[in-house]
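# model this:
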Amino acid sequence: MSSLPASPVSPSPQRRSLVLPAVVIIAAGGLIGMITFGPRSVFGLFLLPMTQEFGWGRDVFAVAVAIQNLLWGVGSPFAGAMADRFGTVRVLWVGALLYGAGLVLMAYAQTPLVLHLSAGVLVGFGLSACSFNLVLAAFGKLLPDHLKSLGFGLATAAGSFGQFLFPPLARGLMDTVGWQETLVMFGFSMLLTLPVAVALATRGNARPAAAAAASAAPAQSISGALAEAFRHPSYVMLVLGFFTCGFQLAFVTVHMPAYLVDKGMTLSVGAYTLALIGLFNIMGSLSAGYLAGRFSRKWILALIYAGRGLAITVFMLVPISPLSCYLFGAVFGLLWLSTVPPTSGLVMLMFGTRYMAMLYGFAFFSHQVGGFLGVILGGELYESSGSYAVVWWLSVALSFASAAINLPIREAPVHRPTPQPA
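Got it, this is the predicted structure:
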């Protein structure tokens, strides 16, 4: 009897169904991160054109972006809670529409009030509902455990690619069609988020397997989850340390181009410096995501914050030149959003994925309070003293304080009493 030819070995259905969705989910989340983070990262390029055209001080523009950062943070826990309750897609859609409308209205803002409503209120609330905090929470629910840390790093790196892509793109468009038309084009680009968001669909606690696991666990209310988190010292320290990240990122994003112009550089040097931050942050975020799955997350965070302090110190002490700006952009880029994978990973480790969007949202609120202060202090102190030096050195002090505050964190799930059978 002749034997049948051996059929090639194919991956099991379970493995196929696991790997392909993971690739699609990560790609969709990364694209959303790139689209939403890109325009936000180039706001500093519009500071000088808008203030010069309308005769505003830099503090007027700074207040608008400070409002944006604050409302981005205020809205994040609520957007996360809505995503946990009703699913991610609807929240992403609303956020993208608000964000796009804010950018378009900002293009026609001829008074400080309209600027604050558009660049501040609309963009701020829009970002809270469509930026990477929602993407990371969806990844926590949809990706298998062994891909979560890497997924967090990839999503953050994709946002960084947006920061690499958009500064030279914005600078080129501003030179060819004007700054107003550039803002309008960026506003309409938010519509690309709508179809892509479908790949991150979650319902309640995401996939059926996750929902089944959640139903087997003791039920926990939103108020119970919040009380548990804010009674946990490690979560509080993590939230406080994240304040510094927001302070530095917002200050550099908004005020770095103008600071370099004050030092004799061109606006293009500022654009390329921001682009280099985005480019090198791709490597930094991916590395942080990889390392966060294998080593102590609190030590990774402490080293990142300390490294930022050293980088700013060197940048302030050496003579300003295009080379020193680009080197600072490269070094600071490696440390830029690399805090996000270990921070989100620690939230997930402590409390699980059920309320991750909301709990990470509160950590992100601290981040955005820092951003609010970094932007507004930059504008106010510049107008009163003509210098950004105080804010730069305050950033150094906050770096080392955050490095220290992360070290006592306990990297372990929160202890929950086992319910006794009736």
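# which sections of this structure are below the confidence cut-off?
Where the chain drops to pLDDT under 70, the residues are 1-20, 202-219, 416-422.
# On the three-state scheme, residue 135 is what?
Residue 135 falls in the helix class when you classify it by DSSP: H, G, I helix; E, B strand; the rest coil.
# How about it, nearest residue that isn't a chain neighbour?
Counting by C-beta to C-beta, 6 or more residues apart in numbering, residue 29 is the residue found nearest to residue 135 once chain neighbours are left out, at 4.2 Å. For glycine as for every other residue, the C-beta is placed from the backbone atoms N, C-alpha and C.
# again, but for residue 49
residue 179 (4.7 Å).
# Count the residues that sit near the one you found.
17 (other C-beta atoms under 10 Å).
# Spit out the contact partners of it.
46, 49-50, 107 (C-beta atoms under 8 Å, 6 or more residues apart in numbering).
# Which stretches in the stretch 51-200 of the chain count as helices?
Taking DSSP state H, counting those that start in this stretch as the criterion, the stretch 51-200 of the chain contains helices spanning 58-86, 88-107, 112-115, 123-130, 132-142, 145-176, 179-189, 193-196.
# burial count for residue 182?
If we define neighbours as other C-beta under 10 Å, then residue 182 has 26 of them.
# ok, now residue 359?
Residue 359 has 29 nearby residues by other C-beta under 10 Å.
# OK, contacts around it?
So residue 359 contacts 80, 225-226, 229, 235, 347, 351 (C-beta under 8 Å, 6+ apart).
# how near is it to residue 112?
35 Å (C-beta to C-beta, to the nearest Å).
# now do residue 319
36 Å.
# Those two: who's more crowded?
residue 112 (17 against 7).
# Grab the nearest non-local neighbour of the residue nearest the centre of the chain.
Nearest residue to the geometric centre of the chain (C-alpha atoms, centre = their mean): residue 132, 5.4 Å. Once flanking residues are discounted, residue 132 sits nearest to residue 33: 4.7 Å by C-beta to C-beta, 6+ apart.
# Can you tell me the element the one you found falls in?
helix 13-40 (DSSP states H and E).
# what distance separates that helix from the centre of its chain?
16 Å (C-alpha atoms, centre = their mean, to the nearest Å).
# Give me the buried positions along that helix.
22, 25-26, 28-40 (16 or more other C-beta atoms under 10 Å).
# Mind telling me the two of those farthest from one another?
22 and 39 (28.0 Å; C-beta to C-beta).
# before we move on, the earlier item: can you give me the distance of the residue nearest to residue 132 to residue 193?
10 Å.
# picking that back up, take the contacts of residue 359 and lay them out in a markdown table including secondary structure, distance to residue 54 and neighbour count.
Conversion of these to a markdown table gives the following (DSSP: H, G, I helix; E, B strand; the rest coil; distance: C-beta to C-beta, whole Å; neighbours: other C-beta atoms under 10 Å):
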| residue | secondary structure | distance to residue 54 | neighbour count |
| --- | --- | --- | --- |
| 80 | helix | 36 | 27 |
| 225 | helix | 45 | 19 |
| 226 | helix | 42 | 16 |
| 229 | helix | 44 | 22 |
| 235 | helix | 43 | 22 |
| 347 | helix | 42 | 28 |
| 351 | helix | 46 | 22 |
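# what about burial for the contacts of residue 179, which qualify?
46, 50, 107.
# Can you tell me which of the residues you listed is nearest residue 162?
residue 46 (16.4 Å).
# show me the contacts for residue 271.
So residue 271 contacts 42, 45, 167-168, 170-171, 257 (C-beta under 8 Å, 6+ apart).
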